[in-house]
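Colleague: next one to model:
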Amino acid sequence: MKYLPLGLSLILAAAFVFFGVQKFGGENIIFATIAEHSGIGLFEPIIRMMTGVAELVTALLLIMPMTRRLGALSGLLVLIGAIGFHLSPWLGIAPEGIGHGLFYTAVAMFVGTVILNIVLKNTPLFGADD
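Modeller: Numbering: from 1, shown residues only. Just a heads-up that it's a prediction; the model follows:
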């Protein structure tokens with residue numbers, strides 16, 4: 001149990017980096033689909049890039065012991081947004097050309113962040129947990 005917060009944080013941070021850096025390439029099919037179906041053009045590229053920044057900041061917070069709990073909370077917010085859009089009529093659980101894997105990955109990461117928040121519940125937002 002001693003190494004659970006560190007291990008889970010590193011796994012989640014790696015996932016947030018993986019998904020975060022993808023937001024800075026060319027057009028992203030997920031955000032383009034949301035923009036098209038919602039009629040809100042800000043999703044591609046502005047909200048896409050803001051989401052990428054949020055994911056990379058979350059990863060950084062998860063890696064540093066003093067901000068790990070803040071990173072876990074930030075991860076919850078990012079993933080609630082991701083899951084919310086997958087459950088919306090604008091995107092869906094299995095977007096065309098993507099499938100359902102992205103949704104299931106977001107749910108798995110959400111479960112991981114919930115577990116991490118439970119494990120770190122007595123840790124200050126800006127304090128060492130190790």
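Colleague: show me the shaky parts of the protein.
Modeller: 127-130 (pLDDT under 70).
Colleague: rerun at 90
Modeller: Along the chain, the model assigns pLDDT under 90 to residues 1-2, 25-26, 96-97, 123-130.
Colleague: the helices in it, which residues?
Modeller: Assigned by DSSP state H, the chain shows helices spanning 4-21, 29-38, 46-63, 68-87, 101-119.
Colleague: any chance of those in a markdown table with mean neighbour count and distance to Phe126 as columns?
Modeller: Backbone N, C-alpha and C define where each C-beta goes, glycine included. Formatted as a markdown table, the helices of the chain follow (neighbours: other CB atoms under 10 Å; distance: least, CB to CB, whole Å):
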| stretch | mean neighbour count | distance to Phe126 |
| --- | --- | --- |
| helix 4-21 | 18 | 15 |
| helix 29-38 | 18 | 32 |
| helix 46-63 | 19 | 10 |
| helix 68-87 | 20 | 7 |
| helix 101-119 | 16 | 15 |
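Colleague: of all these, which lies closest to Ile93?
Modeller: Closest of the helices of the chain to Ile93 is helix 101-119, at 4.7 Å (criterion: CB to CB).
Colleague: picking that back up, figure out which of the helices of the chain is closest to Ala94.
Modeller: Nearest to Ala94, of all the helices of the chain, is helix 101-119, at 7.0 Å by CB to CB.
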